[in-house]
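Asks: Return atomic coordinates for the entry below.
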Amino acid sequence: MNNKTLSILSYITIIGWIVAFVKSKDLTPKSDLVSYHLKQGFGIFLVSLVINIALSIVVTIVPALYFLSYVGYVILILWIFGIINAVNEQKKPIPVIGKIFEDKFGFID
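Replies: Model prediction:
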């Protein structure tokens with residue numbers, strides 16, 4: 001797989017991320033592009049996991065706050081931005097939350 005494919009795959013579910021992570025270890029010259037998108041993809045996965053768990057607890061306790069479930073659409077839009085950046089082979093952070101993950105997750109490098 002080439003760098004562009006691995007970058008895109010790093011956003012497609014956690015299974016796609018694992019495949020991209022394992023395949024990126026096999027690349028002889030390490031790709032900064034793939035590492036960058038692996039970090040961004042893992043970061044957005046963690047954010048969506050935490051937000052979804054928190055929102056399901058909040059909505060279970062206070063059903064009147066069901067409108068907060070629309071936050072999931074915001075995460076979907078951010079995820080699409082990440083895929084667009086990977087398709088264009090750009091190392092741009094995901095809006096709002098992307099800068100947080102640029103220097104995190106040292107195990108990916």
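Asks: Could you pull up the mean pLDDT of stretch 6-15?
Replies: Stretch 6-15 shows an average pLDDT of 91 in the prediction.
Asks: got the contact list for that stretch?
Replies: Residues from elsewhere that reach stretch 6-15 (Cβ atoms under 8 Å, 6 or more residues apart in numbering): 1, 16-17, 19-21, 23-24, 27, 31, 33-34, 36-38, 40-42, 44-45, 79, 82-83, 86-87, 89. For the C-beta atoms, the positions are set from N, CA and C on the backbone; glycine is no exception.
Asks: And stretch 74-82, by the same measure?
Replies: By Cβ under 8 Å, 6+ apart, stretch 74-82 touches 11, 37, 40-41, 44, 47-48, 51, 94-98.
Asks: Give me the distance from it to the chain's centre.
Replies: 9 Å (Cα atoms, centre = their mean, to the nearest Å).
Asks: And stretch 23-41, by the same measure?
Replies: Averaged over its C-alpha atoms, stretch 23-41 has a centre that lies 14 Å from its chain's centre (Cα atoms, centre = their mean).
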